[in-house]
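Chemist: 3D model of this:
(4 chains)
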Number of protein chains: 4
Amino acid sequence: MNDRLADKKVLVTQSDDYMGPGIEALFQNEGAKVIAIPGVVPTGDKFNDYVNTAGGPFDIVVANLAHAPCNGPTANIDNNDWRGMFDTMVEPLMCLVRHYAPIMASAGQGKIVAITSAAPLRGIPGSTAYCSARGAQNAFVRASGLEFAPTNVQINAVAQNYVSNPVYFPEELVSTEKFQNHLKRNVPRGRVAKTSESAELALFLASDKSDFIVGQVIPFSGGWATNT
Amino acid sequence: MNDRLADKKVLVTQSDDYMGPGIEALFQNEGAKVIAIPGVVPTGDKFNDYVNTAGGPFDIVVANLAHAPCNGPTANIDNNDWRGMFDTMVEPLMCLVRHYAPIMASAGQGKIVAITSAAPLRGIPGSTAYCSARGAQNAFVRASGLEFAPTNVQINAVAQNYVSNPVYFPEELVSTEKFQNHLKRNVPRGRVAKTSESAELALFLASDKSDFIVGQVIPFSGGWATNT
Amino acid sequence: MNDRLADKKVLVTQSDDYMGPGIEALFQNEGAKVIAIPGVVPTGDKFNDYVNTAGGPFDIVVANLAHAPCNGPTANIDNNDWRGMFDTMVEPLMCLVRHYAPIMASAGQGKIVAITSAAPLRGIPGSTAYCSARGAQNAFVRASGLEFAPTNVQINAVAQNYVSNPVYFPEELVSTEKFQNHLKRNVPRGRVAKTSESAELALFLASDKSDFIVGQVIPFSGGWATNT
Amino acid sequence: MNDRLADKKVLVTQSDDYMGPGIEALFQNEGAKVIAIPGVVPTGDKFNDYVNTAGGPFDIVVANLAHAPCNGPTANIDNNDWRGMFDTMVEPLMCLVRHYAPIMASAGQGKIVAITSAAPLRGIPGSTAYCSARGAQNAFVRASGLEFAPTNVQINAVAQNYVSNPVYFPEELVSTEKFQNHLKRNVPRGRVAKTSESAELALFLASDKSDFIVGQVIPFSGGWATNT
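Modeler: I've put the predicted structure just below:
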């Protein structure tokens, strides 16, 4: 066990999905006290209940937000799927930052790490709704990261793709020959990342080693996307 | 009068706001038949009525969508303002592309030009909700632009900032000494653009001179933002 | 014949290569007086002779600079090839801007359009020397474009890829089945651009319709690259 | 003392300049055996002598390359300054990657971290030569990073700005009231970074915690630049 997050109190949202389990495991191993709350982060009035249950204050908030994939042609985007993505991934991110960043600013320090996606950095045909919602997240991280920069609160994003996780890249998909060929053609690194590898970038951004990095959306995709 | 859009049938949405009047004027002057529909573009079931009223088919759709500014600290973002931005600017863009792009693809050609913003390209403290909604638009344009690229339908965006318009940069703001100093420090070009200048970029993207450009978000901000 | 460049005096460099012939043809057709100078643009003392021969003053300079492809693994980069690329494409661009931009600034207006590449925007394995030299060009356009923005001189770049031209995409390469399959997998637009299509973007950037656009590197690659 | 680089053999080039001293100190403190070679990295035939002197093989190469600032208007760029920048910062980077990356690939693993600049990501008037040279570096890192990605060699860059260092931001400059005001207006973080903070990002990219990150140019500038 290491101590890169010794004595840090951390909130991990939607902890049963996406990067939640991997981040919880690594952060605990690094000495953090992790409050891991499973399930979708509610918005509106119910968000107040959420933060009351969560407790706090937190040194670090990991805004890990995901929605079941609903890919398909733009022509077939379902209104409910569209709204579901924004209601699950975008508005909760705003609620989390709106609530926790000012508290952190008052405390004189804090870290918010959003686990988003590299998808909007390049754009994926057939995933336009997803790209739009994740693009909204990335833009919010950039702008709010700059806004809170003077207060010693750092807000950044891990914009990942091709990371092994049960929501988007389950093992039974990754292991197929078709997907392995897709990887060879599209991902310079030639493989998917382990969850723990993405969690290490989140850890770097959550630690006191990265206090000068703000409003940054860092691609984490094995070379699939390198621009932001 | 020129003829760069001779015989083109064009839909301009929310034609009374933002770049609507400027684009309507220029496009008509270039020979287009412009259907200019004022007011917010509805979503959900009402969108069907909207397209029925609009008529069509269109050679070109200008997705000009805007919301009254509601800037302020992230800590004070109002839930209704937040949703209003996404309901007015983001979901209508999806509805327009979802409806018109497949029709254009069937017809073998078409152009959709979204008038978005450069704000999310750099991020603006105090405008995080706006940056997020415009970022969602830009990401949707990129992804859907790539999706429809093989069908000879070109979808691109004018990502503007510092363009004279009654919504965001009314003349009474621009003419103040404070704003002029702001321009000198922040906008390399040292001035705001005329509406007609932005409309010229929209015209280029709407014309048959730009058939190889797809999924592109082009900054138009006098050098304020140069990355996408 | 149109007149989008009526009465404009234009210098096109290395006019026998890359986009030179296409730009010369289109610009002349639009009413420009084009001084087209074939061959590599020299640097150092010989650059003075070059500009004396070229005449001037020019309203528009098209910095069209190319080097014979010398692709291959990074491990095999030849020192002379490396220096050849920078000596042919990068230093001449600096010489052209250093000389002509201040003259244009004194005259109160001017346009410099550099024909560069989208290659460095994504990065191409096996073309790392080329990516580096074109990346130097793009960075120089961005920085000098911002520097001259206040003087009403606009400096921008067409960052192209997959444009038909004898240097990089000769017809005998493009027409092979292998290359056509490569196009389908890698270029959303599914084809190479005609030279004239790239020239149209150069024309837009050279015309008085784009006076608010400065320091901008515009990808022109059929969706292969959409970031800058 | 920690052990994040335990047993790693590291080459730090131009170790007396730029980020050299800071990286040498941090990497040694983390257990690395650091070979720190002061002075400019030579090119051409002399590069062979350099690598012979350096020894090796290395697990990690830190391509730390800098040139004395020679800012000023583009109109006044001196030919020797221009070439000096490219000869000191750009060609040596190529030589280092060309030599060491294939050796690392044969060994089955390796890390190259280039310490470059965020300057070309936004573009700085009056520093166009510098932006161009650093842009060449960033483009080379992106392309070569993708090329070597399949070999388990990771090549990435720290694209920094506003980091305290004797070359570009000496303490006597930073402490002036004028510079402090400049920071407040231009750097959201409101301060310069300590050398050790930049070194921490280099450490993350040099460690085995970042094996999925390739060809990435990471802005490190306190929010001054957030795009790549």
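Chemist: could you dump the host helix or strand of residue A:95 to CSV, C-alpha only?
Modeler: Using DSSP states H and E, residue A:95 sits in helix A:91-107. The C-alpha trace of helix A:91-107 is given here as CSV (Å, rounded to 0.1, in the frame of the first residue of the first chain):
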residue,chain,number,x,y,z
GLU,A,91,-26.4,18.0,-15.8
PRO,A,92,-25.1,15.9,-12.8
LEU,A,93,-21.6,17.1,-13.7
MET,A,94,-22.8,20.6,-13.5
CYS,A,95,-24.6,20.0,-10.2
LEU,A,96,-21.5,18.4,-8.7
VAL,A,97,-19.2,21.2,-9.7
ARG,A,98,-21.7,23.9,-8.8
HIS,A,99,-22.0,22.4,-5.3
TYR,A,100,-18.6,21.2,-4.4
ALA,A,101,-16.2,23.6,-6.2
PRO,A,102,-17.3,26.6,-4.2
ILE,A,103,-17.0,24.7,-0.9
MET,A,104,-13.5,23.6,-1.9
ALA,A,105,-12.7,27.2,-2.9
SER,A,106,-13.8,28.4,0.6
ALA,A,107,-11.6,25.7,2.1
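Chemist: list the buried residues of that helix.
Modeler: Buried residues in helix A:91-107, counted by 16 or more other C-beta atoms under 10 Å in any protein chain shown: A:91-105. Glycine gets a C-beta too; all of them are placed from N, C-alpha and C.
Chemist: in chain A, what residue is nearest chain C?
Modeler: residue A:227 (3.6 Å; C-beta to the nearest C-beta).
Chemist: is the helix or strand just after the helix holding residue A:95 up against chain D anywhere?
Modeler: Later in the chain than helix A:91-107, the nearest helix or strand by DSSP H and E is strand A:110-117. No: using C-beta under 8 Å from any C-beta of the partner chain, strand A:110-117 never reaches chain D; the gap is at least 13.8 Å.
Chemist: list the neighbouring strands of strand A:110-117 plus their orientation.
Modeler: Listed by DSSP bridges, the sheet partners of strand A:110-117 and their directions read strand A:60-64 (parallel), strand A:153-160 (parallel).
Chemist: now those in JSON lines, with mean neighbour count and mean pLDDT?
Modeler: Shown next, in JSON lines, are these (neighbours: other C-beta atoms under 10 Å in any protein chain shown; pLDDT from 0 to 100):
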{"stretch": "strand A:60-64", "mean neighbour count": "28", "mean pLDDT": "98"}
{"stretch": "strand A:153-160", "mean neighbour count": "28", "mean pLDDT": "98"}
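Chemist: spell out which parts of chain A neighbour chain D.
Modeler: Counting by C-beta under 8 Å from any C-beta, chain A sits next to chain D at A:142, A:145-146, A:149-150, A:163, A:188-190, A:193, A:197-198, A:200-201, A:204, A:209-223, A:226-228.
Chemist: the residue of chain A closest to chain C: what secondary structure?
Modeler: What DSSP: H, G, I helix; E, B strand; the rest coil gives for residue A:227 is coil.
Chemist: that one against residue A:121, yeah?
Modeler: Yes: counting by C-beta atoms under 8 Å, residue A:227 touches residue A:121, with 5.8 Å between them.
Chemist: what do these two both touch?
Modeler: Taking C-beta atoms under 8 Å, 6 or more residues apart in numbering or on different chains as the criterion, residue A:227 and residue A:121 both touch A:219, C:227.
Chemist: residue ranges in chain A under the pLDDT threshold?
Modeler: A:1 (pLDDT under 70).
Chemist: contacts only, for the residue nearest the centre of it.
Modeler: Geometric centre of chain A, nearest residue: residue A:115, 1.0 Å, by C-alpha atoms, centre = their mean. Listed by C-beta under 8 Å, 6+ apart, the contact partners of residue A:115 are A:18, A:19, A:23, A:62, A:63, A:64, A:65, A:157, A:158, A:160, A:198, A:202.
Chemist: angle of the one helix or strand the third one maps to against strand A:153-160?
Modeler: Secondary structure assignment for residue A:23, by DSSP H and E: helix A:20-29. Helix A:20-29 runs at 130 degrees relative to strand A:153-160, counting by axes from the mean of the first three to the mean of the last three C-alpha atoms, to 10 degrees.
Chemist: tell me what helix A:20-29 is packed against?
Modeler: Contacting helix A:20-29 under the criterion 3 or more C-beta pairs under 8 Å, 6 or more residues apart in numbering or on different chains; DSSP states H and E are the following elements: strand A:9-13, strand A:33-37, strand A:60-64, helix A:195-206.
Chemist: single out the most deeply packed of the ones you listed.
Modeler: Across these, averaging neighbours per residue (mean count of other C-beta atoms under 10 Å in any protein chain shown) puts strand A:60-64 on top, at a mean of 28.
Chemist: how about the residues of chain A near chain C?
Modeler: Residues of chain A found near chain C (C-beta under 8 Å from any C-beta) are A:121, A:122, A:123, A:125, A:185, A:188, A:226, A:227, A:228.
Chemist: how near is residue A:166 to chain B?
Modeler: 24 Å (C-beta to the nearest C-beta, to the nearest Å).
Chemist: now swap in residue A:27 and tell me
Modeler: Applying C-beta to the nearest C-beta to residue A:27 and chain B gives a distance of 25 Å.
Chemist: what of residue A:31?
Modeler: In terms of C-beta to the nearest C-beta, residue A:31 sits 30 Å off from chain B.
Chemist: that residue touches residue A:6, doesn't it?
Modeler: Yes: using C-beta under 8 Å, residue A:31 is in contact with residue A:6, at 3.8 Å.
Chemist: between these two, which one's more packed in?
Modeler: residue A:31 (14 against 11; other C-beta atoms under 10 Å in any protein chain shown).
Chemist: helix, strand or coil for the more buried one?
Modeler: Applying three-state DSSP: residue A:31 is coil.
Chemist: ok, it - contacts?
Modeler: Residue A:31 neighbours (C-beta under 8 Å, 6+ apart): A:1, A:2, A:3, A:4, A:5, A:6, A:7, A:8.
Chemist: highest neighbour count among these?
Modeler: The most crowded member of the contacts of residue A:31, judged by other C-beta under 10 Å, is residue A:5 (24 neighbours).
Chemist: look up the closest residue to it, ignoring the ones flanking it.
Modeler: Nearest residue to residue A:5, sequence neighbours excluded (C-beta to C-beta, 6 or more residues apart in numbering or on different chains): residue A:32, at 3.8 Å.
Chemist: and for residue A:132?
Modeler: Nearest non-adjacent residue to residue A:132 (C-beta to C-beta, 6+ apart): residue B:140, at 3.9 Å.
Chemist: how near is the closest residue to residue A:125 other than its chain neighbours to residue B:134?
Modeler: With sequence-adjacent residues excluded and distances taken as C-beta to C-beta, 6+ apart, residue A:125 is closest to residue B:147, at 3.5 Å. Note on residue B:147: its distance to residue B:134, by C-beta to C-beta, to the nearest Å, is 20 Å.
Chemist: of those two, which one has the most company?
Modeler: Neighbours were counted for residue B:147 and for residue B:134 using other C-beta under 10 Å; residue B:134 has more, 32 against 28.
Chemist: ok so, going back, the residue nearest to residue A:5 and residue A:11 touch, don't they?
Modeler: No: applying C-beta under 8 Å, one finds residue A:32 not in contact with residue A:11, separated by 10.4 Å.
Chemist: ok, back up a step: just the residues of chain A next to chain D: which are in strands?
Modeler: The strands, defined by DSSP state E, take in A:217, A:218, A:219, A:220 from those.
Chemist: from the residues you listed, list the buried ones, please.
Modeler: The neighbour-count test (16+ other C-beta under 10 Å) marks A:217, A:218, A:219, A:220 as buried among those.
Chemist: centroid-wise, who is the farthest residue in chain A?
Modeler: Largest separation from the mean C-alpha position in chain A: residue A:177, at 28.5 Å (C-alpha atoms, centre = their mean).
Chemist: now do it against residue B:206, distance only.
Modeler: 44 Å.
Chemist: also residue A:196?
Modeler: Distance, residue A:196 to residue B:206, using C-beta to C-beta: 48 Å.
Chemist: gap between the helix holding residue A:95 and the chain center?
Modeler: A distance of 15 Å separates the centroid of the chain from that of helix A:91-107, by C-alpha atoms, centre = their mean, to the nearest Å.
Chemist: this completes my enquiry, with thanks.
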